[in-house]
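1. just coords:
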């Protein structure tokens, strides 16, 4: 009994010494493989700051879309968490415009973070000259995954341009008439814009792409936009016809099940293919698409910032330092599926050849990164409606109607003004 | 006198709180809809009917409005009619055990949430691997195969089928219970003695006498059809394009995805006005009965 009392007192003393600091964090990595990535993040934090106690999503129903619903109502009510997950680009800007984030100039200076991440990534988290969040990864949008065994069987090379794509699609259709060569799922709409983006990048080139989403192109009288739509229309016969009922992972499933031969999806699909037992480089291959006139990578980062009036600002600053470190980025990004935000991490840390090559390319060509549909140059209000328009086009391919529609969206949502913050290169 | 006031307050205070909260929120929603709140931060600057003007100029709004009307019409009338027939047949049957089983069977869907049934239906609707088309294929009825929810022209109707299936059981129960007043049973018995046919009894005796139950049921179905969100969210997410979109879903997208809070509030007001128009006839009927 006496011994127990002594232990109790000792325990209390120890607890007092390393009294846990709290950190309230909102994130949407709650499902499947992403949960493990979140655990890897917090493990890295605990190794460096064992005294920080993480409180995740303290409001029920904080995952995915409902994450934003809960977060938005808490922010508007003036009870913010310390930090929350946000994409760089338009989503981040909406929080900055709302005055919910503290600029992190001092932290960036202290860590020298600007010098270790690519310039376009820095631009995606810098609004009005100040960095507002710390990115921990980069997802790449324009990757064409293909069934490697089928391509070997038919003697096909992965396409690098639109014409090559059409050629490959024709050959697959001829050899396997029951197949819908190009897998796609547009239930959540953005998937349609992914395919269209790749075509825009080739037809218009990177400068055009940026100008378009900055609202500087008169879409109504623009030959490039029209040509890109025509080219998208020409792909429809090769697409999986019931795409509007599939989500992105189900569309990747079409490739695994043999219904389709290819799918255009972001880096996060690697994890999906692996979970279905497909080995990168053996069962499936991946190329960025297109590679003409330039090999551009469309990207968006996951980032964390510091809330204005955060309840635990010190613990949060420590957290952001860990987010910026390789100690967190290596295990988290390898599990979750993106590339490393830091360029000084060895690409060999990735287990798959696909990301090793991509990371190496980003390292040597950091200027070839442009914000994608999720990161979004244009404001979110526009982007959502734009996705709907492009997804509708795939079902009802009326070129002129879609041009009018999109042109109206650019005006309604005032894209020219709202996207003026974005600078590229 | 004091005692009476105390008694009153037991009922009055909760009532006042509820009414205050309800109408306070309603007014606040209206206020937001004429403000200039877009983006994540509240902005209560008065903007007049700017967002309503934008709303009415949108193709999407009119598609949604039309879809909502489809839900109201096709979701409610067939449910009422079929439920009436089923309830009557169950009532007529002499085999009470069988009736019990059937009633349980059709009541099951109501016990499940739309999230569950929506997921199951979307699997069944899959055009190339779903169970419905596979069965049609198997029994040689390929001509009836459909693209279901992936065809923008018919997608909404297939969603409404889910709604009808889910609400049928509840409708039958409500109607059956309104059959069972002793007055009505007596009238039916005397009609039987007079030699009236079963169909005539249903439409000329039962239906006029269960107006109360029918009205409650119709209002319940109308309001459920009007606020439909979950089925659309789960099965089609508004797609293809926005062909199956409804006002409640658009409100959600506008407020929380597009951050156009004022527009979302405006859409809520439109939904409220529609609900108001639907509930008014029932309210008038109820008041007449109480005060006549």
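-> Looks like it came in fine. The structure presented is a predicted model; accordingly, all values stated were derived computationally and were not measured. Numbering: from 1, shown residues only, chains lettered A, B, ... in the order given.
2. Surely residue B:48 forms part of a strand?
-> No - going by DSSP: H, G, I helix; E, B strand; the rest coil, the assignment for residue B:48 is coil, not a strand.
3. count of neighbours near the residue nearest to it when sequence neighbours are not counted?
-> Leaving out its chain neighbours, the residue that sits closest to residue B:48 by Cβ to Cβ, 6 or more residues apart in numbering or on different chains is residue B:34, at 6.2 Å. Any C-beta I mention is one placed from the backbone N, CA and C, and that applies to glycine too. Using other Cβ atoms under 10 Å in any protein chain shown, residue B:34 has 19 other residues around it.
4. Surely residue B:34 touches residue B:49?
-> Yes - counting by Cβ atoms under 8 Å, residue B:34 touches residue B:49, with 6.6 Å between them.
5. what's the pLDDT at the residue in chain A that chain B sits nearest to?
-> Nearest to chain B in chain A, going by Cβ to the nearest Cβ, is residue A:392, at a distance of 2.6 Å. Here, the pLDDT recorded for residue A:392 equals 92.
6. Now name the helix or strand holding it.
-> Assessed by DSSP states H and E, residue A:392 sits inside helix A:380-395.
7. helices and strands around that helix, which ones?
-> helix A:90-97, helix A:190-213, helix A:223-235, helix A:399-412 (3 or more Cβ pairs under 8 Å, 6 or more residues apart in numbering or on different chains; DSSP states H and E).
8. In CSV, list those helices along with distance to chain B.
-> Output for these, formatted as CSV (distance: least, Cβ to the nearest Cβ, whole Å):
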stretch, distance to chain B
helix A:90-97, 5
helix A:190-213, 9
helix A:223-235, 14
helix A:399-412, 7
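9. hang on, the earlier thing: around the residue of chain A closest to chain B, count how many other residues there are.
-> Residue A:392 - counted by other Cβ under 10 Å - has 26 other residues nearby.
10. And residue B:209, by the same measure?
-> By other Cβ under 10 Å, 17 other residues sit near residue B:209.
11. Verify the contact between it and residue B:185 for me.
-> No - between residue B:209 and residue B:185 there is no contact under Cβ under 8 Å: 10.4 Å.
12. picking that back up, dump the helices and strands packed on helix A:380-395 into CSV; add mean pLDDT as well.
-> Listed next are these as CSV, based on pLDDT from 0 to 100:
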stretch, mean pLDDT
helix A:90-97, 92
helix A:190-213, 96
helix A:223-235, 97
helix A:399-412, 94
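13. Quick check: residues of the stretch 151-300 of chain A near chain B?
-> A:186-189, A:241-245, A:259 (Cβ under 8 Å from any Cβ of the partner chain).
14. which of those residues count as buried?
-> A:186-189, A:242-245, A:259 (16 or more other Cβ atoms under 10 Å in any protein chain shown).
15. hang on, residue A:30 in a helix?
-> No - Residue A:30 is assigned coil when assessed by three-state DSSP, not a helix.
16. where does it land on pLDDT?
-> 79.
17. right, and it touches residue A:57 too?
-> Yes - applying Cβ under 8 Å as the test, residue A:30 and residue A:57 come out as touching, 7.3 Å apart.
18. Could you check which of those two is surrounded by more residues?
-> residue A:57 (21 against 14).
19. List the residues that contact the closest residue to the more buried one other than its chain neighbours.
-> Spatial nearest neighbour of residue A:57, chain neighbours left out: residue A:26 (5.6 Å); criterion: Cβ to Cβ, 6+ apart. Residue A:26 sits next to A:56-57, A:62, A:67, A:70-71, A:81, A:83-85 when contact means Cβ atoms under 8 Å, 6 or more residues apart in numbering or on different chains.
20. Residue B:248 and residue A:69, how far apart?
-> 14 Å (Cβ to Cβ, to the nearest Å).
21. again, but for residue A:53
-> With Cβ to Cβ as the criterion, residue A:53 and residue A:69 are 26 Å apart.
22. just residue A:207 next, same as before
-> Taken as Cβ to Cβ, the span from residue A:207 to residue A:69 is 37 Å.
23. between the two, which one's more packed in?
-> Just comparing residue A:207 and residue A:69: by other Cβ under 10 Å the higher neighbour count belongs to residue A:69, 17 against 12.
24. For that one, give me its contacts.
-> Neighbouring residues of residue A:69 by Cβ under 8 Å, 6+ apart: residue B:256.
25. Then residue B:160?
-> B:70-71, B:74-75.
26. immediately after whichever helix or strand residue B:20 is part of, which helix or strand?
-> Taking DSSP H and E as the definition, one finds residue B:20 inside helix B:2-33. Next helix or strand after helix B:2-33 toward the C-terminus (DSSP H and E): helix B:50-56.
27. Run the chain-centre distance for that following helix.
-> Chain-centre distance of helix B:50-56: 26 Å, with Cα atoms, centre = their mean, to the nearest Å.
28. Which neighbouring elements make contact with that helix?
-> Other helices and strands packing on helix B:50-56, by 3+ Cβ pairs under 8 Å, 6+ apart, are helix B:261-291.
29. Can you point out the buried residues in the helix it packs on?
-> For helix B:261-291, by 16+ other Cβ under 10 Å, it's B:261-271, B:274, B:278, B:282.
30. now do stretch B:68-79
-> Per 16+ other Cβ under 10 Å, stretch B:68-79 contains these buried residues: B:68, B:70-72, B:74-76, B:79.
31. Next one: residue A:188 from residue A:95, what distance?
-> On the measure of Cβ to Cβ, residue A:188 and residue A:95 end up 22 Å apart.
32. show me the contacts for residue A:252.
-> A:145, A:183, A:263, A:265, A:269, A:272-273.
33. In which helix or strand does it reside?
-> helix A:248-257.
34. just how off-centre is whatever helix or strand comes next after that helix within its chain?
-> Counting by DSSP H and E, the next helix or strand C-terminal to helix A:248-257 is strand A:262-265. How far strand A:262-265 lies from its chain's middle: 15 Å, per Cα atoms, centre = their mean.
35. Give the partner strands of strand A:262-265 in its sheet and their orientations.
-> If you go by DSSP bridges, strand A:262-265 pairs up with strand A:143-147 (antiparallel), strand A:182-183 (parallel).
36. CSV please, covering those and showing mean neighbour count.
-> Below are the strands paired with strand A:262-265 laid out as CSV (neighbours: other Cβ atoms under 10 Å in any protein chain shown):
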stretch, mean neighbour count
strand A:143-147, 25
strand A:182-183, 28
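37. I appreciate the help and will end here.
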